[in-house]
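> pasting the sequence and the predicted coordinates here, then a few questions.
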Amino acid sequence: MNKIALQFLRSLVASPTPSGSEHAGQRIVAAYMKRWGAAVETDIHGNIHGVLNGQAPLRVMLAGHCDEIGLMVQFIDDRGYLYVSAIGGVNVPLLPAERVMIHGRKGAVPGVVGVKPIHLTTDKEREAASGKIHELWVDIGAKSRKDAEKAVALGDVATIASGWIGLRHDRVACRGFDNRIGAFVIADVLRQLEGKKLKVAVHAVSTVQEEIGLRGARTAAFRVDPHVGIAVDVGFATDCPGVEEKMVGTAKLGRGPILHPGPTYNPKLLAALRAAAGAARIKIQIQPDPRGAGTDAYAMQMTRGGVAAGLVSIPNRYMHSPIETISLGDVEAAARLVTAFIAGLTGREDFA
């Protein structure tokens, strides 16, 4: 991967971006977009818009959501233990014994999710994984509620303290690739488009609050009013134990980005993306998606009078866990695919 792009990616995934608190990551995205000559604006919800050739009649919107799942401080008991609620689709059974970082107005505060010693658990307790987040507690080492409140406040957000780890070949594991990796791709497309004579307007939008209802993409798409909308997100990798290919289709790390046939995705746009991949000799994978309501592509499709929407996915193992695992080669290929598609547009395309 390009060294500048890789540095940007590592900085982005090291930042905390729970839904509604994406600002740390969004500042990094905005600076990267400006570096490649984009006109950058922040809207009322915190979406970052990076625009190239903004006066062109045909508008293409790229959306990659910057937010990740997280936790929020809900209650502090008299002993100084914190109780949290989920921001987005948190996999609660994975939380016990995790390290966390609380990000509040008073700075970053480390903590651990407490766990009962196995010596003191019953057979029934050992067999059952807790799915009730309100029964878990976070220990920051406080001696009392008053002591805890010196460091944290109700409503502070938290993330799992799980960072970048390189695996064999080009595989990397990290918290929150869903979907800082999509925000990375749409921003890096601007780098790859630098110096090209574009015949369309490109609105690359690092969106917010996808994990709690596609909120940023809904309002950003209304503002941009695009003719074409491409979301970049993660998709289910099926090359690991426990994932049923008959349910979601096949996708493997290192085999390229995923394209999706289905009702959400404009068939002419899908064909154009496949053609761009073929012309650029980019390997792609196909995963049918009969519903397609879970990504920013759906938000764009349903805005105003309708948008020709598409989805480019990065195969991802262990989604919504602290060890989401991807191939950097797939990430590079996704950015090259979107770049090739945009560079090939004449501005006269009709996706109706």
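Okay, I see it.
> show me what contacts the residue nearest to residue 19 when sequence neighbours are not counted?
Leaving out its chain neighbours, the residue that sits closest to residue 19 by Cβ to Cβ, 6 or more residues apart in numbering is residue 67, at 4.2 Å. C-betas here are computed from N, CA, C, even on glycine. Listed by Cβ atoms under 8 Å, 6 or more residues apart in numbering, the contact set of residue 67 reads 17-20, 22, 88, 179, 207-211, 216.
> just among those, which is most surrounded?
With neighbours defined as other Cβ atoms under 10 Å, the most crowded of the contacts of residue 67 is residue 207; it has 36 neighbours.
> pretty sure it sits against residue 50.
No: in this structure, residue 207 is not within contact of residue 50 by Cβ atoms under 8 Å, at 12.0 Å.
> and the contacts of residue 67, which is closest to residue 140?
Taking Cβ to Cβ as the measure, residue 140 sits nearest to residue 18 out of the contacts of residue 67, at 17.6 Å.
> which ones are touching the closest one?
Contacts of residue 18 were listed using Cβ under 8 Å, 6+ apart, and they are 67, 68, 69, 70, 71, 72, 87, 88, 103, 157, 158, 159.
> which two of the residues you listed lie the greatest distance from each other?
88 and 103 (15.4 Å).
> in strands, which of the contacts of residue 67 appear?
When the contacts of residue 67 are checked against strands (DSSP state E), the matches are residue 207.
> can you tell me which two in the contacts of residue 67 are farthest apart?
When the contacts of residue 67 are compared pair by pair using Cβ to Cβ, the maximum separation belongs to 20 and 179, at 15.1 Å.
> now the helices for this protein?
With helices called from DSSP state H, the chain shows them at 3-14, 23-35, 123-127, 145-149, 177-193, 215-224, 245-248, 267-279, 296-301, 328-343.
> quick one: closest of these to residue 288.
In this view, the helices of the chain are compared for proximity to residue 288 by Cβ to Cβ, and helix 245-248 is the closest at 8.9 Å.
> count the neighbours of the closest residue to residue 304 other than its chain neighbours for me.
Distances taken as Cβ to Cβ, 6+ apart put residue 225 closest to residue 304, at 5.9 Å, once the chain neighbours are dropped. The local packing count at residue 225 equals 13, with neighbours defined by other Cβ under 10 Å.
> mind checking which residue lies nearest the centre of this structure?
Residue closest to the average C-alpha location in the chain (Cα atoms, centre = their mean): residue 179, at 1.0 Å.
> wait, that one touches residue 65, no?
Yes: checked against Cβ under 8 Å, the pair residue 179 and residue 65 is within contact range at 4.8 Å.
> list residues touching both of these two?
210, 233.
> what's the burial count for residue 140?
Burial of residue 140 is recorded as 18 neighbouring residues (other Cβ under 10 Å).
> circling back to that earlier point, would you agree the residue nearest to residue 304 is in contact with residue 59?
Yes: taking Cβ under 8 Å as the definition, residue 225 is a contact partner of residue 59 at 6.8 Å.
> surely residue 262 touches residue 290?
Yes: taking Cβ under 8 Å as the definition, residue 262 is a contact partner of residue 290 at 5.4 Å.
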